[in-house]
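Peer 1: Sharing a model prediction with you, sequence too.
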Amino acid sequence: MTETRVTAQKDLTETPKLVVHSSQFEYPVAATLAREQICACIEDTGVLPSLNIVSIEDALFVAETLVEAGIPIVEISVNEPESLNIISHLVEHAPTVIVGASSIRNAETARKCLDAGAKFLSTDGLVTGVVDFAVKEKIATVAGALTLTEVIAAWDSGSDFVKVVPCYAVGGHKYIQTLKNAIPQARLIAAGGVNQLTALNYALAGVAALSVGNELVPTEAIYSRQTRRIQELARRFLTAVDKGRA
């Protein structure tokens, strides 16, 4: 499989480089990307970092570290008080990173995230108002769901991806296989219980991406600025995705 990777950059304020998609089209990262291109990059990369970050400085460190490791995407949880400021700051100062917002519970918050510059919106459960808002605004969406009924509803409502959360509670990768058999066209993202031991099985089950938080970016690694540790974890998850798709 041809990998999608971003050229490493120490200075994230430089003019964005080009990413080469496996289908051989090129596009700039990230401000000018259309909804379909955002979705293509998420699926091509196969790893979606889901982060609870409390400061702009930490967010910039993580973004730079992940870009250098080959993951040009982050989603920032809106549960933190400074989340909107973090999103807008990353959009301005880390142009090679596709910044999304997660844990959104209503259309009002979705609007604020979009105004802050978020390029995709993610929910932890099936929040139809957020999906409807995203479809209307033509912004990429990752709708949360768990049961087969919810997954079908999320996909049919127009969500670009369906995040199955928490996977570990309902059978892990075997549950993903069941869902894929029932609705093979849905692009599923595994979330909850995704770690180095389970990543390959989820990739083999056919997920579009892995949603990973502390297992990819440990809190202590952020505080201690452990660049190499985070990048090694990123390499392991990316390798699992590549092996699962081979």
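Peer 2: Sure thing, it's come through. A quick note: this is a predicted structure, and the numbers were derived from the prediction, not measured.

Peer 1: Of all residues in the chain, which one is nearest the centre?
Peer 2: With distances taken as Cα atoms, centre = their mean, Leu48 lies nearest the centre of the chain, 3.0 Å away.

Peer 1: other SSEs contacting the helix or strand hosting that residue?
Peer 2: Using DSSP states H and E, Leu48 maps to strand 47-51. Other helices and strands packing on strand 47-51, by 3 or more Cβ pairs under 8 Å, 6 or more residues apart in numbering; DSSP states H and E, are helix 56-69, strand 73-77, strand 209-212, helix 227-245. All C-beta spots, glycine's among them, are computed from the backbone N, C-alpha and C.

Peer 1: Show me the contact partners of it.
Peer 2: For strand 47-51, contacts defined as Cβ atoms under 8 Å, 6 or more residues apart in numbering pick out 42, 59, 62, 66, 71, 73-77, 102, 122, 142, 189, 191, 209-213, 216-217, 234, 237-238, 241.

Peer 1: residue contacts, the residue nearest to His89 when sequence neighbours are not counted?
Peer 2: Closest residue to His89 apart from its sequence neighbours, by Cβ to Cβ, 6 or more residues apart in numbering: Ile56 at 4.8 Å. Neighbouring residues of Ile56 by Cβ under 8 Å, 6+ apart: 82, 85-86, 89.

Peer 1: how far away is Ile56 from Phe133?
Peer 2: 26 Å (Cβ to Cβ, to the nearest Å).

Peer 1: Backbone dihedrals for Pro95, please?
Peer 2: Dihedral pair for Pro95: phi -70, psi -10, per degrees, to the nearest 10.

Peer 1: confidence score at it?
Peer 2: Looking at Pro95, its pLDDT reads 90.

Peer 1: how deep is it tucked in, by neighbour count?
Peer 2: Other residues lying near Pro95 total 21 when counted by other Cβ atoms under 10 Å.

Peer 1: Please enumerate the helices of this structure.
Peer 2: Here the chain has its helices, by DSSP state H, at 35-45, 56-69, 83-93, 107-116, 128-137, 148-156, 173-182, 199-204, 219-223, 227-245.

Peer 1: Would you format those helices as a markdown table with distance to Pro166 included?
Peer 2: Formatted as a markdown table, the helices of the chain follow (distance: least, Cβ to Cβ, whole Å):
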| stretch | distance to Pro166 |
| --- | --- |
| helix 35-45 | 20 |
| helix 56-69 | 23 |
| helix 83-93 | 21 |
| helix 107-116 | 22 |
| helix 128-137 | 19 |
| helix 148-156 | 13 |
| helix 173-182 | 10 |
| helix 199-204 | 13 |
| helix 219-223 | 19 |
| helix 227-245 | 18 |
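
Peer 1: any low-confidence regions in the chain?
Peer 2: Scanning the chain for pLDDT under 70 picks out 1-31.

Peer 1: Can you tell me the closest non-neighbouring residue to Gly206?
Peer 2: Residue nearest to Gly206 in three dimensions, not counting chain neighbours: Lys180, with 4.8 Å by Cβ to Cβ, 6+ apart.

Peer 1: Make a PyMOL selection of the buried ones in the contacts of strand 47-51.
Peer 2: To isolate the buried ones among those in PyMOL, judged by 16 or more other Cβ atoms under 10 Å, type:
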select buried, resi 42+59+62+66+71+73+74+75+76+77+102+122+142+189+191+209+210+211+212+213+216+217+234+237+238+241
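
Peer 1: Show me the beta-bridge partners of the closest residue in space to Ile38 that isn't next to it in sequence.
Peer 2: Closest residue to Ile38 apart from its sequence neighbours, by Cβ to Cβ, 6+ apart: Ala140 at 4.3 Å. Beta-bridge pairing of Ala140 under DSSP bridges involves Phe120.
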